[in-house]
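Student: prediction below, plus the sequence it came from.
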Amino acid sequence: MTIFAINNYELSIMPIKQTIHINTKYIADSNIVEFVNTIHTSFSSAGKVVYNKRNQLRIIETGSEAMDKVAVKRFKKLGFFRGLYYTFLGSSKAERCFNNALELARRGVSTPEPLAMVEVKKNGVIKTCYYICRCVQLPAIIDGLHWEDKFNPVMSADFACMAARMHEAGVIHGDLNCDNVLYKKEADGHYSFTLIDINRMTIFPEVRPVSDKKAMADMCCFTRSLNVMRKVASDYVNARSWNQSMTETMVRMKDRFNRRRALRKRILHPTRPY
């Protein structure tokens, strides 16, 4: 027997149960509903793989004109105890992505439009989950904000303004690296940005501003270069109307971040070169 519903409803296909959330904008589209309904069984043979490490990302056609092509992220299979945690204490990565994307849209922060999330449970415990959103094929800011010899000053200023607006809107990305920010060059020569990989995000109530320390820490991931960081930090400080002395504060935070990350990698992966 198959039962379907929205929000906290569960789709039962014994012995597996699925919890499905669908963007209400598309709930009347039968092609969308069927696509989401069957993604767990069809995923491994559908579409094109564009990323396949800890998680797998595929670009897949839905058969719907409303959203014809989507990005589907299948998160790593959960162990028993982590599955228990996500089932009864926390939110799964897919659920966090879905809810965060809806809230980002409400706050005016760009991210690919969310379509659905699916949690697959066995014996009542989440085993894996899927996040589905509109396919947005844009380059990442690594093109202009990672290497010193390719540094793009216009992109830097525009990226800093975007990050400042995001933090002022009460949002901390949590992993604002060069792969998780996509860009588009507009007709006037400036850049617009779209955030991806948003499951680590923290979204504060709008009445509670993000602290300066948290905002500055959120800016530490996108490059390894302190020189690039100094230039972007200066643009960010300007966008926040802070005193320029905060630029060096951000550079020092970045230096500490780099050192901690290098130490952690040497401990966890001692045979890898860095």
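Tutor: Looks like it came in fine.

Student: the helices in the stretch 101-250 of the chain, which residues?
Tutor: Counting by DSSP state H, counting those that start in this stretch, the segments of the stretch 101-250 of the chain that form helices are 142-145, 153-168, 212-217, 226-239, 245-268.

Student: and those helices: which comes nearest Lys77?
Tutor: Taking Cβ to Cβ as the criterion, Lys77 comes closest to helix 245-268 out of the helices of the stretch 101-250 of the chain, the separation being 21.0 Å. C-beta here means a position set from N, CA and C on the backbone, and glycine is covered the same way.

Student: which positions in that closest one come out as buried?
Tutor: Of all the residues in helix 245-268, those buried under the rule 16 or more other Cβ atoms under 10 Å are 246-247, 249-251, 253-254, 257-258.

Student: show me the contacts for the residue lying closest to Pro209 once chain neighbours are set aside.
Tutor: Distances taken as Cβ to Cβ, 6 or more residues apart in numbering place Gly170 nearest to Pro209, at 6.7 Å, with adjacent residues excluded. Neighbouring residues of Gly170 by Cβ atoms under 8 Å, 6 or more residues apart in numbering: 107, 203-206, 208-210.

Student: check the gap between the residue nearest the centre of the chain and Ser245 for me.
Tutor: The geometric centre of the chain, computed from its C-alpha atoms, lies nearest to Asp197 (Cα atoms, centre = their mean), at 1.8 Å. Asp197 sits 32 Å away from Ser245, going by Cβ to Cβ, to the nearest Å.

Student: now do Ala262
Tutor: The gap separating Ala262 from Ser245 is 27 Å, by Cβ to Cβ.

Student: and stretch 119-132, what's its mean pLDDT?
Tutor: The predicted model assigns stretch 119-132 a mean pLDDT of 96.

Student: that one: end-to-end distance?
Tutor: With Cα to Cα, to the nearest Å applied, stretch 119-132 spans 12 Å between its terminal residues.

Student: one more: stretch 145-158?
Tutor: The stretch stretch 145-158 measures 11 Å between its terminal residues, going by Cα to Cα.

Student: list the contacts for Ile178?
Tutor: For the record, residue 178 is Cys, not Ile. Listed by Cβ under 8 Å, 6+ apart, the contact set of Cys178 reads 140-142, 145-146, 222-223.

Student: find the nearest non-adjacent residue to the residue nearest to the centre of the chain, please.
Tutor: Taking Cβ to Cβ, 6+ apart, and ignoring the residues beside it in sequence, Asp197 has Asn180 as its nearest neighbour in space, at 4.4 Å.

Student: check the gap between that neighbour and Thr111 for me.
Tutor: Between Asn180 and Thr111 the computed distance is 10 Å (Cβ to Cβ).

Student: who touches both of the two?
Tutor: Common neighbours of Asn180 and Thr111, counting by Cβ under 8 Å, 6+ apart, are 195-196.

Student: what about His269, how many residues nearby?
Tutor: A total of 10 residues lie near His269 under the criterion other Cβ atoms under 10 Å.

Student: cool, Arg208 as well?
Tutor: As a burial measure, Arg208 scores 8 neighbours (other Cβ under 10 Å).

Student: which residues touch it?
Tutor: The neighbourhood of Arg208, defined by Cβ under 8 Å, 6+ apart, consists of Gly170.

Student: would you quantify the distance from it to Arg107?
Tutor: Looking at Arg208 against Arg107, where the rule is Cβ to Cβ, the gap reads 13 Å.

Student: picking up where we left off before, how about the helices of the stretch 101-250 of the chain, which one is nearest Ile59?
Tutor: With Cβ to Cβ as the criterion, Ile59 lies closest to helix 142-145 of the helices of the stretch 101-250 of the chain, at 19.9 Å.

Student: now the closest one: mean pLDDT?
Tutor: Per-region confidence: helix 142-145 scores 94 on mean pLDDT.

Student: what's in contact with that helix?
Tutor: Outside of helix 142-145, the residues that reach it under the criterion Cβ under 8 Å, 6+ apart are 150-152, 155-156, 159, 178-179, 183, 222-223, 228, 232.

Student: can you select the buried ones among those for me in ChimeraX?
Tutor: Below is the selection syntax for ChimeraX that covers the buried ones among the contacts of helix 142-145, with 16+ other Cβ under 10 Å defining burial:
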select :151,152,155,156,159,178,183,222,223,228,232
